[in-house]
Structure formats: structure tokens, C-alpha cells
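> Sharing a model prediction with you, sequence too.
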Amino acid sequence: MRRVLIAIAVAVASSSAASAQDVTAGATAFKKCASCHDVGATAKNKVGPVLNGLDGRKSGSVAGYNYSDANKSSGITWDEANFLDYIRDPKAKVPNTKMAFAGIKNEAEAKNLWAYLKQYDADGKTK
């Protein structure tokens, strides 16, 4: 019984470490986005909108950002599945979007990026 408990404790600790690594790897992946997008407490709209509070946000809804009509009318509510589909090929997911980015084809990198972005609430504070 003691061995089972130790194995469970090790598995939980490893799982937590993996999550931290995903966020760290996501921060590296975000460097591809940072020239156009911003996150964090002092984030501002750039060429692209602020990405704070992305999880659960409706596409085209950041105040002060001039979205394309295609993005505003896409009907997307951002969650992991929609983000992964979009970031793989933005123009395929939302034709006529202003986003001029070829996409992130590597699924692990895209998931790490989502983990990084998801940690920011609407005010740019980490959860």
C-alpha cells in the first residue's frame, strides 16, 4: 500500500512539473507572437489585439482594437480546441482575417502556447 501511495505522489508531482514546463515552453513559443500581440498587466493592443483573458472570450471583442469583419463575425469563442485549430492556419480557420501569420503546425508547441496564454486573466494577471 505504501508503494502505491508513493507512486501516486510521484505521478502528481510529475504532472505539476509538466504543466510548469508547458507554460515555460509556451512563453518561448509566444516570442513568435510578441511582435503583434501583447499579454500581461501592462499589455496594449498592437498590430494584433491583447491576448489577456483569451480563454472563453468571443472573437473580435477586445475594446479599442479594429478587427476584420471576418474575425468579428467568425462566431468563435476561444477555448483550447478553437485556438489549436486557428493557430495551425489562421487564414484557413477565418478567411479574410487580417492576421498575417503562417501558423504553428507543431501541435505540442501550439498546446504549450495555449497553456501560456490561458494563464492570463482579462486584467493580465496570472491565475
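Structure received. Numbering: from 1, shown residues only.
> Helices of the protein, start to end?
Assigned by DSSP state H, the chain shows helices spanning 2-30, 69-72, 80-88, 90-93, 107-118.
> give the contact list for residue 80.
Contacts for residue 80 (Cβ atoms under 8 Å, 6 or more residues apart in numbering) come out as 55, 111, 114, 118. (Glycine included, C-beta is placed from N, CA and C.)
> Between the residues you listed, which sits nearest residue 33?
Distances from residue 33 to these, taken as Cβ to Cβ, are shortest for residue 114 (11.7 Å).
> Tell me, how many residues neighbour the closest one?
Applying other Cβ atoms under 10 Å, we find 22 other residues in the vicinity of residue 114.
> Distance check, it against residue 30.
10 Å (Cβ to Cβ, to the nearest Å).
> Now render the contacts of residue 80 as a markdown table, adding distance to residue 26.
Below are those laid out as a markdown table (distance: Cβ to Cβ, whole Å):
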| residue | distance to residue 26 |
| --- | --- |
| 55 | 13 |
| 111 | 8 |
| 114 | 7 |
| 118 | 9 |
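> count of residues packed around the residue lying closest to residue 77 once chain neighbours are set aside?
What sits nearest to residue 77 in space, not counting adjacent residues and going by Cβ to Cβ, 6 or more residues apart in numbering, is residue 58, at 5.3 Å. As a burial measure, residue 58 scores 12 neighbours (other Cβ under 10 Å).
> coming back round to it: rank the helices of the chain by pLDDT, which is bottom?
Set side by side, the helices of the chain show their lowest mean pLDDT on helix 2-30, which sits at a mean of 61.
> State the distance from residue 45 to residue 92.
24 Å.
> And for residue 67?
18 Å.
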